[in-house]
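*Asks:* A structural model of the following input is requested.
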Amino acid sequence: MWYYKDIISATGGKLYRLKQESFPGISTDSRTIKEGELFIPLKGKRFDGHDFIRDAIEKKGGGTLCEESKVARVKDTEGTIITVHDTNRAFIDIARFRRKLLDSTFVAITGSCGKTTTKEILVNITKKAFSIEFNEKNYNNIFGVCSKLISIKQSPKVGVFELGTNFPGEIRTLTEIVEPDVSVITNVNPAHLEGLGSIEGILNEKLDIFRYTKDGGTILVNRDDKLLTNYKDEKKRTLYFGIKNPGHFSLTVEKDLGWQGYKVTLDFMGEKIRTKTRLIGFHNLYNVLIASLVAFILGVGQDKIAEGVEEFEPYPMRMCPKRSKRGYTVIDDTYNANPASMYEAVKTLSLLPCEGKKILVLGDMNELGEYSSYYHRELGRHIKSMNFDCVFLFGEKIYDAYFEAQKENVFYFEDIQGLLEKLTSVLKEGDCVLIKGSRALNMDKIVEEII
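*Replies:* Next up, the predicted model:
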């Protein structure tokens, strides 16, 4: 339950009209607002929620926030009205207010690759021992994180939040909202260069999660990431993890099971946990390691950690193997793509056993800004150095990769339909095909067509 005095306290707003003193919930969508809820009219580049205040109040009563400069829009409406300087800022302030009321241990995860998978593994492990709240799917921006915090009714034992970024300062804002007790950066790689400018800009942005973790909190540093390996913060407990380089936490591969994943041993400050993961790709072992070590720090028992790792299924559209009716195997990695994740995905297919042909279907890597041509050319050179039976490239930017690859078995397509016609004529029983590209290309449609 939200009380109008709490909203005013959180936002520094002013009471314009009082009709209802409390609200069962908070909504930002006039289409789905529930009876008696408080409406927050958010603003974007192409919309202004103030246009929907009347609809929200007439539909479900309750009340609304309204910017001081737009109060004329609500003069003849019913309901409680609280005026604020900026509704977007008020939304953040309300989320921070809610966070401070929660007596929970909070974990924050960011990184260029692996955030969602790491978070989901951690949730799968931790829910076996404690009550837990987390931001679902990849709702990792300011809207997603604030919406989740505001929706929490009672204090869970643990809160797990994935934090994403597209522009400078976003990680700082998100970290200040979540106030994590434990934080981790999975890795730092070229991603969102269009918004963050350079690899140095990406590093500086990601490091904000460590800088704004609570003083006395715990930060987990990836020793295998050359940009992070020696990072330390005197105001936080700094712990290190790695697979190739030693740290407080490590993982050893006992057996590569191919399409069935890996048998691994986790070494946590001398305590060993033996388990198995169904995830394919060496890069996914870092997600397993990070999720497991965070659970260990939270106090989850070793048996539950082993069980949670072993039970975890590949997350949809992220290195997810699917068997087609025609007898070939498709690796669906169509959620998104950046240079590091593309390299790891391609490398993974090259190492997996396959009775038939190994085929790549790759699309553009977006949001690379002025570095786009460079990284696509690097991808082309990488493909050229490997022995795939067929390579299908789709999109505008990836033409640079096609130009560099220069092989008779590398094909370029400007549209999905042409690619599908060629691909379906080539695919046979026993083949293995990887499909990956940036989300905007909708390459999941290719997966749907050939499964």
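
*Asks:* pLDDT score for residue 355?
*Replies:* Residue 355 carries a pLDDT value of 97.

*Asks:* neighbours of residue 321, just the number please.
*Replies:* Under the neighbour criterion other Cβ atoms under 10 Å, residue 321 is assigned a count of 18. To be clear about C-beta, it is placed using only N, CA and C from the backbone, and glycine gets the same treatment.

*Asks:* hmm, I was thinking of residue 233
*Replies:* 15.

*Asks:* using the three-state scheme, assign it.
*Replies:* Classification of residue 233 using DSSP: H, G, I helix; E, B strand; the rest coil returns coil.

*Asks:* how much space separates it from residue 204?
*Replies:* Distance, residue 233 to residue 204, by Cβ to Cβ, to the nearest Å: 14 Å.

*Asks:* please apply the same query to residue 342.
*Replies:* Taking Cβ to Cβ, one finds residue 342 at 24 Å from residue 204.

*Asks:* which positions within the helix or strand of the chain with the lowest mean pLDDT qualify as buried?
*Replies:* When each helix and strand of the chain is scored by mean pLDDT, DSSP states H and E, helix 53-60 comes last, with a mean of 91. For helix 53-60, burial by neighbour count (16 or more other Cβ atoms under 10 Å) applies to 53-54, 56-57, 59-60.

*Asks:* how far off centre is stretch 145-158?
*Replies:* Its chain's C-alpha centre and that of stretch 145-158 lie 18 Å apart, by Cα atoms, centre = their mean, to the nearest Å.

*Asks:* and for stretch 423-436?
*Replies:* Distance, centroid of stretch 423-436 to centroid of chain: 28 Å (Cα atoms, centre = their mean).

*Asks:* please enumerate the strands of the stretch 1-150 of the chain.
*Replies:* 2-3, 14-17, 22-23, 26-27, 38-39, 63-67, 80-84, 105-110, 132-134 (DSSP state E, counting those that start in this stretch).

*Asks:* who does the second one pair up with?
*Replies:* Each strand that strand 14-17 pairs with, and the sense of that pairing, follows from DSSP bridges: strand 80-84 (antiparallel).

*Asks:* so what's the model's average confidence on the partner strand?
*Replies:* Rounded mean pLDDT across strand 80-84 is 97.

*Asks:* kindly report the same for stretch 179-199.
*Replies:* 96.

*Asks:* show residues contacting stretch 44-61.
*Replies:* 20, 27-28, 30, 33-37, 39-43, 62-64, 66-67, 70, 73-74, 77-79, 87 (Cβ atoms under 8 Å, 6 or more residues apart in numbering).

*Asks:* among the residues you listed, which ones are buried?
*Replies:* 27-28, 30, 33, 37, 39-42, 62-64, 66-67, 70, 73-74, 77, 79, 87.

*Asks:* of those residues, which belong to helices?
*Replies:* Residues of these located in helices (DSSP state H): residue 87.

*Asks:* for residue 23, name its beta-bridge partners.
*Replies:* Going by DSSP bridges, residue 23 forms beta bridges with residue 2.

*Asks:* test my guess that it contacts residue 39.
*Replies:* No. Taking Cβ atoms under 8 Å as the definition, residue 23 is not a contact partner of residue 39, at 9.3 Å.

*Asks:* which residues do the two both contact?
*Replies:* In contact with both residue 23 and residue 39: 62-63, using Cβ under 8 Å, 6+ apart.

*Asks:* can you read off the pLDDT for the residue of the chain positioned farthest from its centre?
*Replies:* No residue in the chain sits farther from the centre than residue 76, which is 42.5 Å out by Cα atoms, centre = their mean. Looking at residue 76, its pLDDT is 85.

*Asks:* now residue 215. Nearest residue, chain neighbours left out?
*Replies:* residue 235 (4.7 Å; Cβ to Cβ, 6 or more residues apart in numbering).

*Asks:* quick check, that neighbour in contact with residue 218.
*Replies:* No. In this structure, residue 235 is not within contact of residue 218 by Cβ under 8 Å, at 11.4 Å.

*Asks:* looking at the two, which one has more neighbours?
*Replies:* residue 218 (18 against 13).

*Asks:* verify the stated contact: residue 335 with residue 439.
*Replies:* Yes. In this structure residue 335 lies within contact range of residue 439 using Cβ under 8 Å: 6.3 Å.

*Asks:* residue 162 versus the residue nearest to residue 215, what's the distance?
*Replies:* 24 Å.

*Asks:* so where do the helices sit in the stretch 201-350 of the chain?
*Replies:* Secondary structure of the stretch 201-350 of the chain by DSSP state H, counting those that start in this stretch: the helices cover 284-298, 302-311, 339-351.
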